[in-house]
Structures are given as C-alpha cells and as structure tokens.
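*Asks:* fold the following.
(one chain, ligands or ions: 1)
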Amino acid sequence: MRIEVVAEKCNACQLCVKKCPYSAIQIQNKCAHILPACILCGICIEVCPQKALSLIGVKQQSMDLNGDLWVYLEIQNETVTIPSLEIVSKLHFLLQDYPHPKKIIGLIIAKEVPSLKNYSQLSDIGLEGIITIPSLMDAPLENKAIALSSIIQQQKPLSLLFPASDEGRDLAPRLATLLETGLTADCTELSFDPRTHLLVQTRPAFSGDLMASIVCPFHRPMMATVRPHSFPVLPLSESSKPLSITVLEDHALSSEMGLPLVLEKEPKHSLFPPIEDKSIVIGVGRGIGSKENIDLVYEFAQSVNAAIACSRPIVDHGWLPSELQVGMSGKSIAPKIYVALGISGSVQHLTGIKGAELIIAVNKDEEAPIFQVAHVSLVGDIRTLLPELKRYLIQEAK
Ligand SMILES: Cc1cc2nc3c(=O)[nH]c(=O)nc-3n(C[C@H](O)[C@H](O)[C@H](O)COP(=O)(O)OP(=O)(O)OC[C@H]3O[C@@H](n4cnc5c(N)ncnc54)[C@H](O)[C@@H]3O)c2cc1C
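*Replies:* Presented below is the predicted three-dimensional model:
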C-alpha cells in the first residue's frame, strides 16, 4: 500500500504538508512528495482540496462494510461470561444508529449451546445467531486459532470482538496475526464513526494519560479485546429475535497439522479466590511494607469474606501472583466495596476499579490521589486502622 500523488491535480497548496502528523510530505518541484516516514494514516487524502492524493494497493474487499458483528462468547462453568455479554449488549445499543443492517453473532466453543445456563439471556440482549464449533472444545489454543481463522476467512465478519480475559488476550492476537488484520487490545469504549461507519475502538494510551481512538480502515475483520466491566448488560426494550444456531465441523484441525494435541488437562489451582467474583475486594499496595504484612491482610480478608487483590508493585516484588493485579495491565473489577490499603491511586490502578460501587481508601498520606476517588477516606497507618475497618466491613456485609 502507498499514497499516490497525481501531479496534474496537485497545486502545491501545502495543506497536506501542514496537516501530516509525521512530517512525511514535502513539496518538490511544485508537487507533494511522500517521504518514507509515511505511515498511511490517510489524513493527507482527507484534507487535500484537489483530491490529488489517494491510497493505492488496497483491495476493495478489505475496505467494505459487509459482514456481521461477531463476538467471541467465552464459557466458564457452562455459562457465557458477563464480559462477553457486555460486548453483545454494547453492540446492540450501537447498532440502533447504524445505517447498514447487521446481526450480532456469537462465536462459541461449547458442546451443547442450548444447555448453557444463561442461554435464554443471549437473545434477550440482542444476539441473533450463534456459530459453535464443538470439536474445538479440548483443542490447544494454537489449533483453535488456526481453525477459527479458516472459519472467519470463509464467513467474513465485519468485526470480531473478544472479552479481554486471559483466554481472549491469548486467542485474539494469534487470530489477528493469522488473519493479517489489526487488533486493539483492552478497549474501554466502542462506537461507530458516523462518517466512515468504521468501528472506533478506544483505549487508554501513554500510561492512561490520554484515550486513543483507533480504527482499522483497510483490514477485516476489525478486531479488539474489550475490558470487562466497561459496559452494562442491558435487556432489550423491544421483543427479542429468534436465535439461530449453526454447528460447524472443524476441517482445519487435524493431528496431521503437526500441532500439539491435549491429552489431559490439569485444573489450575490458586490459593486465592478469583477477584472478579467477590462483592468485597481488599487491594494491597506498596504501603503494606512487607510480604508478612500481606499474610495478615489475607487473614483479614478471609474474616470478612473478601478477595485479596493488589497493585502492580506487589506483583513485581513477587508477593502476590499476577492474576490478583488490578489496573491497566491487570484486571478490571466491579465489586460492591473496594478497599485500597496503602495504594497511592495511580491512573493505571484506578482504571481497574472504575466499576467499584464504594471505594474505601486507607493511606497515611492525606494528599494521596486515591482520596480523590474514594467514598470513604481513612488517613493513617494500615495496621492501626485494620480493626476499625473490619468492624465497618462486617457491618456493611450484613
Ligand atoms: C504501562 C503501565 C502499566 C501499569 N499498570 C498497572 C496496573 O495494572 N496496576 C497497578 O496497580 N499499577 C500499574 N502500573 C504502575 C503504576 O504506575 C503505579 O506505579 C502503581 O500503581 C503504584 O502502586 P502503589 O499505589 O501500590 O504504590 P505507591 O505509588 O508507591 O503508593 C504506596 C502508597 O502507600 C502509602 N503508604 C505507605 N505506607 C503506608 C502505611 N503504613 N499505611 C498507609 N499507607 C501507607 C503511601 O502514602 C503511598 O500513597 C503501571 C504502570 C505503567 C507504566
């Protein structure tokens, strides 16, 4: 792909030179000249009043807006996960203003789709079809990605979204690579551009200092992973449409491909309860001081039926496992109560607790940024305030 300048049309007005964010255009011999720094962002094409610039080498098929909106529906405990439902619900909301008719289709790897525990909820939030590939149930991720890529190449969805869960974060990049398309990781907002009708995928960038809105104009499907708890799951206001189920056999997957096959799966054991499930989560930050103190907080968490989570330095110290990290490069949680113990309140950490209903912060520094978002602020030393906090949480839990 490259930007071509039609010399006969260019009047060297310099508008493209001024607007190019990459300083990748110069006027040479009274005509715009594209330099190697060009990243094909296309801004020059848009601003040129003479229509002298165009992008060439893009297949028309890669730019069309045909195809449906697919969502990878992750299954846990025979239930479609809430983060998967959140994406469906958001897309249904966005489609209300979308000019082209589109269906939301769920991609499921499960044996018996109708026996999923929340099956009836799927059409109630706007899902119209399901494509299921039961044979991939026990396949390793590499094989799943290969098989799904062949299905996607045949069916040509316009977009494919994944929850930004462990599975989604692992599978989506493999698929995007196989499909030679882009992937926006960890989106917190989705919309459609009213002019181009492309999916606008928004995510925090530069350590959360700004929000980047990303589009994928020249490749299909448009792919993204979406942060859990970014959107609510809303029931339809109108009556739901019947849900079609297409069961696909997987022809791409075979042992002849030379890929590993799973003979046995060993369940992953963790000492800690999953932080996404509990209504009270106690987050531990660097202010805790030592690993021994974390053990005290863990006992405290158990006594109030809470999960324990942490900020990134705690994982970096090796004091708690990475699955407990909350924030931009960790998990997003939406508990009823989040207790931040010795956490300063960096933007990266706060990104992960946006969905918390009540934030209680304990910090010895009254200027700590966490107090700007906390609903209950306790200024003082963690160890001194733990008994007071326990009384409060037991009261709240009643
Ligand atoms: C790209 C990128 C991604 C990141 N992703 C994440 C992420 O996902 N999650 C995350 O958490 N961070 C993330 N970070 C790191 C982030 O920038 C902060 O460094 C981190 O959140 C700080 O953790 P903290 O609040 O535990 O530590 P600190 O900022 O060091 O804060 C410790 C706090 O404890 C208080 N304190 C100290 N002693 C006591 C005491 N005895 N009693 C009470 N209070 C006490 C202090 O006053 C201080 O406010 C990321 C950074 C980058 C660059």
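*Asks:* check whether the helix-or-strand element of the chain with minimal mean pLDDT comes near the ligand.
*Replies:* Here the helix or strand of the chain ranked lowest by mean pLDDT, DSSP states H and E is helix 382-397, holding a mean of 85. Yes: contact of helix 382-397 with the ligand (CB under 6 Å from any ligand atom) involves Ile382. Any C-beta I mention is one placed from the backbone N, CA and C, and that applies to glycine too.
*Asks:* that helix: which residues count as buried?
*Replies:* Ile382, Leu385, Leu389, Tyr392, Leu393 (16 or more other CB atoms under 10 Å).
*Asks:* show me which residues of the stretch 201-350 of the chain are close to the ligand?
*Replies:* Residues of the stretch 201-350 of the chain lying near the ligand by CB under 6 Å from any ligand atom: 207, 285-287, 311-313, 325-330, 342-344, 346, 348-349.
*Asks:* need phi/psi at the residue lying closest to Ala356 once chain neighbours are set aside.
*Replies:* Distances taken as CB to CB, 6 or more residues apart in numbering put Tyr338 closest to Ala356, at 3.8 Å, once the chain neighbours are dropped. Here is the backbone geometry of Tyr338 (degrees, to the nearest 10): phi -120, psi 120.
*Asks:* and Tyr338, what is it in contact with?
*Replies:* The contact partners of Tyr338, taken as CB atoms under 8 Å, 6 or more residues apart in numbering, are Val281, Gly283, Ile353, Ala356, Leu358, Ile359, Ile360.
*Asks:* for the ligand, give me its nearest residue in the stretch 101-250 of the chain.
*Replies:* Of all residues in the stretch 101-250 of the chain, Ser207 sits closest to the ligand, at 4.5 Å by CB to the nearest ligand atom.
*Asks:* next one: the stretch 1-150 of the chain
*Replies:* Using CB to the nearest ligand atom, Pro83 is the residue of the stretch 1-150 of the chain that sits closest to the ligand, at 16.8 Å.
*Asks:* let me see the confidence value for that residue.
*Replies:* Predicted confidence (pLDDT) for Pro83: 95.
*Asks:* so which elements touch whatever helix or strand it lives in?
*Replies:* Pro83 belongs to helix 82-95 when elements are defined using DSSP states H and E. When contacts are defined as 3 or more CB pairs under 8 Å, 6 or more residues apart in numbering; DSSP states H and E, helix 82-95 packs onto strand 69-73, strand 104-108, helix 119-124, strand 159-163, strand 189-192, strand 222-226.
*Asks:* put the alpha carbons of that helix into CSV.
*Replies:* C-alpha atoms of helix 82-95 as CSV (Å, rounded to 0.1, in the frame of the first residue of the first chain):
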residue,chain,number,x,y,z
ILE,A,82,-20.6,-11.5,31.8
PRO,A,83,-17.8,-9.6,30.0
SER,A,84,-18.9,-11.4,26.7
LEU,A,85,-22.5,-10.4,27.4
GLU,A,86,-21.3,-6.8,28.0
ILE,A,87,-19.9,-6.6,24.5
VAL,A,88,-23.1,-8.0,22.9
SER,A,89,-25.2,-5.5,24.8
LYS,A,90,-23.0,-2.6,23.8
LEU,A,91,-23.0,-3.6,20.1
HIS,A,92,-26.8,-3.9,20.2
PHE,A,93,-27.0,-0.4,21.6
LEU,A,94,-24.6,1.0,18.9
LEU,A,95,-26.5,-0.8,16.0
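*Asks:* circling back to that earlier point, and the contacts of Tyr338, which of them are buried?
*Replies:* Among the contacts of Tyr338, those classed as buried by 16+ other CB under 10 Å are Val281, Gly283, Ile353, Ala356, Ile359, Ile360.
*Asks:* just send those residues back as a markdown table, with pLDDT, distance to Leu40 and secondary structure too.
*Replies:* Below are the buried ones among the contacts of Tyr338 laid out as a markdown table (pLDDT from 0 to 100; distance: CB to CB, whole Å; DSSP: H, G, I helix; E, B strand; the rest coil):
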| residue | pLDDT | distance to Leu40 | secondary structure |
| --- | --- | --- | --- |
| Val281 | 96 | 44 | strand |
| Gly283 | 97 | 42 | strand |
| Ile353 | 93 | 38 | helix |
| Ala356 | 93 | 41 | coil |
| Ile359 | 96 | 43 | strand |
| Ile360 | 96 | 49 | strand |
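*Asks:* dump those into a markdown table; add distance to Glu128 as well.
*Replies:* Shown next, in a markdown table, are the buried ones among the contacts of Tyr338 (distance: CB to CB, whole Å):
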| residue | distance to Glu128 |
| --- | --- |
| Val281 | 35 |
| Gly283 | 39 |
| Ile353 | 34 |
| Ala356 | 33 |
| Ile359 | 38 |
| Ile360 | 42 |
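*Asks:* from those, which is closest to the ligand?
*Replies:* Of all the buried ones among the contacts of Tyr338, the ligand sits closest to Gly283, with 8.3 Å by CB to the nearest ligand atom.
*Asks:* quick one: contacts for that closest one?
*Replies:* Ile308, Ala309, Cys310, Ser311, Val326, Tyr338, Val339, Ala340, Leu341, Ile343, His349, Ile353.
*Asks:* list phi and psi for the closest residue to Val47 other than its chain neighbours.
*Replies:* Setting aside the residues directly before and after it, Val47 is nearest to Lys19 in space (CB to CB, 6+ apart), at 4.8 Å. As for Lys19, its main-chain torsions (degrees, to the nearest 10) stand at phi -90, psi -20.
*Asks:* and Val326, by the same measure?
*Replies:* Per degrees, to the nearest 10, the backbone of Val326 is at phi -110, psi 140.
*Asks:* who is it paired with across the strands?
*Replies:* Lys331 (DSSP bridges).
*Asks:* residue contacts, the nearest residue to Leu15 once chain neighbours are set aside?
*Replies:* Using CB to CB, 6+ apart and skipping the chain neighbours, the partner closest in space to Leu15 is Val47 (5.2 Å). Residues near Val47 by CB under 8 Å, 6+ apart: Leu15, Cys16, Lys19.
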